[in-house]
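J.: turn this into a structure:
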Amino acid sequence: MRRPDADARWFLGLLLVATLLQAATAVTRLMASYRAPEIGMAPSSLGLVAAAFAIAPVVLALSIGRRIDRYGEFPFLLGSTVGLGIASAALAFIGSPIALVLCIGLLGLSQLIFVVADQTLVGSRSPAASYDRRFGNLSFVASLGQLIGPAAAGLIAGAGSPEGTRQALVFGGVLALLAVPLIISQWRNDPGPAVAPPVVAPERPAVMTILRMPGMVPAMLASMTVLATMDVLVVYLPALGQERGLSVATVGALLAVWAGASMASRLFLGRLVTMLGRERLMLGSLIVAAAAVVALAVVPLPAMFVVMAIAGVTLGVCQPLTMSWVAARATAGSRGTAMSLRLLGNRVGQVIIPIAAGSVAVATGTAGVLAAAGLTVAISAAVVASQRSRR
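T.: Presented below is the predicted three-dimensional model:
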């Protein structure tokens, strides 16, 4: 019998683990960009650093999900945490570009594994009625970790000397390793699946079988386009600011409004779903987000803050909604694979959509990029609406 109070404490512990690991990843990715030129890498090679972080997740995502389904989440969560700590600390002392790229590859693989393990744990240990609230909380602490990690690293690194960079990278490794005793405690106090597993182990369906499950493709498409659109906003908002004569401080304030609105929406996601329903909230958020991204290119400065807040709320709720959507539709033996499929789609979208946006920018400028990004979100909304109407 699962005790609600013990279950709530256990979930809070999992959120603390996720916060530490997301913060450690954010610290390490940021400081690796400073470490690269310190060991003689040219600025043009930073693209290789970014690719090294993404390549392992793209290649190994499905196999990792399969293994998590087969062997359980905790061995992978613990192993990825140790790998993250080693990668971060090693970056402080390596002296060759090859070693740096290998460390970044280990970092990307570790991040993939702990994210899939975290999301699978939430999906399997939570009642279906609490999916939206818990995945919203998980997304919130991920954003929190990505906020506090780089801020703390900046304070440690100071003016940006090589010694400061090394200290910040060691700090990232310490953050990750602090999660190890917490994970061991979570493992020992594991409440077990929220729904009793069948006596006979469920068959692990093929990838195409998972994709054919009702609502799977719309959820994954929405997740991919929303995350890529968020990346496009971060990359192209400074360019839009330059075109319109906005100061760096103003652009920073716009991004801060967007991030704050996104975090707030995730914190209250459970209540929003209770009020509107999961699918209605998803569809409405996609439609409003598409309009907000397009409007950003044409509205005057005061209205840009309002539009950024709207975009933050609507884009912010879509990511955890797709997590709960996928978790609810996946079977017990396929949840890790389904979560890794979703993350694989996200990675592919983060590569293809920004590259396509760059091609659009050459012909149309930043306004065209934002219009194209909004169009991809609108297409996702159309697919979700089509799925609802067919059902």
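J.: tell me where the chain has helices.
T.: With DSSP state H, the ranges of helices along the chain come out as 4-38, 46-71, 73-91, 97-125, 131-157, 162-188, 207-211, 216-243, 248-267, 269-276, 278-295, 301-329, 335-364, 366-390.
J.: reformat these as JSON lines; add mean neighbour count and mean pLDDT.
T.: All C-beta atoms are positioned from the backbone trio N, CA, C, and that covers glycine. As requested, the helices of the chain are arranged in JSON lines below (neighbours: other Cβ atoms under 10 Å; pLDDT from 0 to 100):
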{"stretch": "helix 4-38", "mean neighbour count": "20", "mean pLDDT": "88"}
{"stretch": "helix 46-71", "mean neighbour count": "18", "mean pLDDT": "80"}
{"stretch": "helix 73-91", "mean neighbour count": "22", "mean pLDDT": "95"}
{"stretch": "helix 97-125", "mean neighbour count": "23", "mean pLDDT": "91"}
{"stretch": "helix 131-157", "mean neighbour count": "21", "mean pLDDT": "87"}
{"stretch": "helix 162-188", "mean neighbour count": "19", "mean pLDDT": "93"}
{"stretch": "helix 207-211", "mean neighbour count": "14", "mean pLDDT": "77"}
{"stretch": "helix 216-243", "mean neighbour count": "21", "mean pLDDT": "84"}
{"stretch": "helix 248-267", "mean neighbour count": "18", "mean pLDDT": "85"}
{"stretch": "helix 269-276", "mean neighbour count": "17", "mean pLDDT": "88"}
{"stretch": "helix 278-295", "mean neighbour count": "21", "mean pLDDT": "93"}
{"stretch": "helix 301-329", "mean neighbour count": "22", "mean pLDDT": "90"}
{"stretch": "helix 335-364", "mean neighbour count": "20", "mean pLDDT": "77"}
{"stretch": "helix 366-390", "mean neighbour count": "19", "mean pLDDT": "85"}
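J.: report the separation between the nearest residue to residue 185 once chain neighbours are set aside and residue 106.
T.: Excluding its sequence neighbours, the residue lying closest to residue 185 (Cβ to Cβ, 6 or more residues apart in numbering) is residue 13, at 6.7 Å. Distance of residue 13 to residue 106, computed by Cβ to Cβ, to the nearest Å: 25 Å.
J.: next: residue 186.
T.: Per Cβ to Cβ, residue 186 is found 23 Å from residue 106.
J.: over to residue 380?
T.: 33 Å.
J.: same check, this time on residue 49
T.: For residue 49, the distance to residue 106 equals 13 Å [Cβ to Cβ].
J.: go on, residue 272?
T.: The value you get for residue 272 to residue 106, if Cβ to Cβ is used, is 37 Å.
J.: isn't residue 68 right up against residue 118?
T.: No: Residue 68 lies out of contact with residue 118 (Cβ atoms under 8 Å); the separation is 10.5 Å.
J.: now do the contacts for the residue nearest to residue 185.
T.: Contacts for residue 13 (Cβ atoms under 8 Å, 6 or more residues apart in numbering) come out as 182, 185-186, 189.
J.: now do residue 380
T.: Per Cβ under 8 Å, 6+ apart, neighbours of residue 380: 218, 221-222, 225-226, 286.
J.: these: which two are farthest apart?
T.: For the contacts of residue 380, the farthest-apart pair by Cβ to Cβ is 218 and 226; their separation is 12.0 Å.
J.: pull the number of nearby residues for residue 127.
T.: Residues lying near residue 127 (other Cβ atoms under 10 Å) number 11.
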